[in-house]
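Asks: just coords:
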């Protein structure tokens with residue numbers, strides 16, 4: 001039985017922010033890889049370490065889609081690009097899938113103690 005594929009509003013916006021060619025590549029990967037066996041690990045599908053956001057990651061070159069499987073539905077949550085060991089979503093480094101996101105280094109502007 002094929003899974004129903006849905007995408008969150010955030011995921012839709014993030015997908016739309018990608019160049020048209022990348023959108024087509026990722027959409028094709030989603031339809032071909034997640035329609036029938038979204039929970040079966042392959043070279044393109046990886047189960048993520050436990051985190052508060054997503055259980056799985058779909059890889060299509062350097063493009064990524066983070067998703068959950070809920071019954072007979074695949075819910076695409078986050079769409080981005082892998083650069084090195086960082087996930088870039090809408091031009092920003094994404095930390096929302098980590099239990100303990102990286103904190104700013106503290107080298108920001110100095111506040112006036114008034």
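Replies: Okay, I see it. These numbers were taken from a predicted model, which means no experiment stands behind them. Numbers count the residues shown, from 1 in each chain.
Asks: buried sites along the strand or helix carrying residue 30?
Replies: Using DSSP states H and E, residue 30 falls within helix 20-34. Buried residues in helix 20-34, counted by 16 or more other C-beta atoms under 10 Å: 22, 25-27, 29-30, 33-34. Using the backbone N, CA and C atoms, a C-beta is placed for each residue, glycine as well.
Asks: Then stretch 55-72?
Replies: Buried residues in stretch 55-72, counted by 16+ other C-beta under 10 Å: 55-60, 63-67.
Asks: thinking again about what came up before, for the helix holding residue 30, name the packing helices and strands.
Replies: Contact here means 3 or more C-beta pairs under 8 Å, 6 or more residues apart in numbering; DSSP states H and E; on that basis helix 20-34 packs against strand 4-7, helix 9-16, strand 56-60, strand 63-70, strand 73-83.
Asks: pLDDT of the third one, averaged?
Replies: Meaning strand 56-60. Averaged across strand 56-60, the pLDDT comes to 97.
Asks: Pretty sure residue 54 sits against residue 79.
Replies: No - in this structure, residue 54 is not within contact of residue 79 by C-beta atoms under 8 Å, at 11.2 Å.
Asks: Quick check on these two: which one has the bigger neighbour count.
Replies: Neighbour totals were compared for residue 54 and residue 79, and residue 79 leads with 29 against 17 (other C-beta atoms under 10 Å).
Asks: And the residue nearest to that one when sequence neighbours are not counted, how far from residue 2?
Replies: Spatial nearest neighbour of residue 79, excluding adjacent residues (C-beta to C-beta, 6 or more residues apart in numbering): residue 14 at 4.1 Å. In this view, residue 14 and residue 2 are 24 Å apart by C-beta to C-beta, to the nearest Å.
Asks: neighbour count winner among these two?
Replies: Using other C-beta under 10 Å as the criterion, residue 14 and residue 2 rank with residue 14 on top: 21 against 10.
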